[in-house]
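1. give me coordinates for this.
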Amino acid sequence: RRTQQFIKLLAEAALARRIYAPELDAEQVDLMVKAAPLHDIGKIGIPDSILRKPGKLTADEFEVMKTHTEMGRAALESAEKRLGERTPFSAMAQAIAYSHHERWDGSGYPLGLKGTDIPLAGRFMAIVDVYDALVSERVYKKGMSHAEAVAIIAAQSGRHFDPKLVEVFLEIEHEFPDVSRFLRDDAEVNLPRAAAAS
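-> Numbers count the residues shown, from 1 in each chain. Next up is the predicted model:
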């Protein structure tokens, strides 16, 4: 739910600024928001011993973890085949699941795509997924502050993240803490009035 609200904030802000128009339009934003919760669906195929490990993953464990992008796309393709048709939603969900760990400089996975070769939705999801991972508490780490997370994302502009989207993120980052606070893992869903209405 958090990443869905984060991507909504970021994508709507990019749309308002006409970043990546005409590729980014209201329909694409809507599809991204709807598909965002499926970005890590492939983790259902990752053993709990890796997902819930309280320490740093070994190199071999990390290689297994990286396969969640491929498993996610495969699961979504399988669902699409059962439905018997390819829809814009299924295409968006597959793009997000498969490409959200690609990096702007080409050092990501699974394909090592670079720059605008990375699907636009994957570039949006990369920012919001990393932000959420940084500020959220996990079994293996404490959550960091909003300011620390913003500084890390800013520092990774042009390396991990699309620099145009980082610029947008930095203009609206002050809106992100409310989402984190209202959608904590241990909290009932209770969005701020503005987020709930939009």
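2. this structure: helices as residue ranges?
-> For the chain, the helices defined by DSSP state H occupy 2-16, 26-35, 48-51, 59-66, 68-83, 88-99, 120-135, 146-155, 163-172, 176-182, 193-197.
3. I figured L170 hits A155, correct?
-> No: under the criterion of CB atoms under 8 Å, L170 is not in contact with A155, lying 11.4 Å apart. In this view, the C-beta of every residue, glycine as well, is placed from N, C-alpha and C.
4. hang on, the earlier thing: need the helices of the chain in a markdown table (columns: mean pLDDT).
-> Formatted as a markdown table, the helices of the chain follow (pLDDT from 0 to 100):
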| stretch | mean pLDDT |
| --- | --- |
| helix 2-16 | 96 |
| helix 26-35 | 97 |
| helix 48-51 | 93 |
| helix 59-66 | 97 |
| helix 68-83 | 94 |
| helix 88-99 | 97 |
| helix 120-135 | 96 |
| helix 146-155 | 98 |
| helix 163-172 | 98 |
| helix 176-182 | 84 |
| helix 193-197 | 44 |
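5. nearest approach to I41 belongs to which of the ones you listed?
-> Nearest of these to I41, taken as CB to CB: helix 68-83 at 4.7 Å.
6. might you calculate how far that closest one sits from the centre of the chain?
-> 18 Å (CA atoms, centre = their mean, to the nearest Å).
7. again, but for stretch 164-182
-> In terms of CA atoms, centre = their mean, the centre of stretch 164-182 is set 13 Å apart from its chain centre.
8. flag every buried residue along it.
-> Buried residues in stretch 164-182, defined by neighbour count with 16 or more other CB atoms under 10 Å: 164-166, 168-169, 173, 175-176, 179-180, 182.
9. export these to TSV and tack on distance to K53?
-> As requested, the buried residues of stretch 164-182 are arranged in TSV below (distance: CB to CB, whole Å):
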residue	distance to K53
K164	35
L165	31
V166	30
V168	34
F169	29
E173	30
E175	33
F176	27
V179	27
S180	24
F182	29
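10. let me know the closest of those to E77.
-> Of all the buried residues of stretch 164-182, the one with the least separation from E77 (CB to CB) is L165, at 26.6 Å.
11. that closest one contacts A14, correct?
-> Yes: if you go by CB under 8 Å, L165 and A14 touch, sitting 6.5 Å apart.
12. return every residue with contacts to both of these two.
-> The contact sets of L165 and A14 overlap at F124 (CB atoms under 8 Å, 6 or more residues apart in numbering).
13. centroid-wise, who is the farthest residue in the protein?
-> Going by CA atoms, centre = their mean, the residue of the chain most distant from its centre is G84, 27.2 Å out.
14. gap between that residue and S90?
-> Distance check for G84 against S90: by CB to CB, to the nearest Å, it reads 11 Å.
15. if you drop the residues flanking it in sequence, what lies closest to the residue nearest to the spatial centre of the chain?
-> Centroid-nearest residue in the chain, with CA atoms, centre = their mean: M125, separated by 2.8 Å. Leaving out its chain neighbours, the residue that sits closest to M125 by CB to CB, 6 or more residues apart in numbering is H100, at 3.9 Å.
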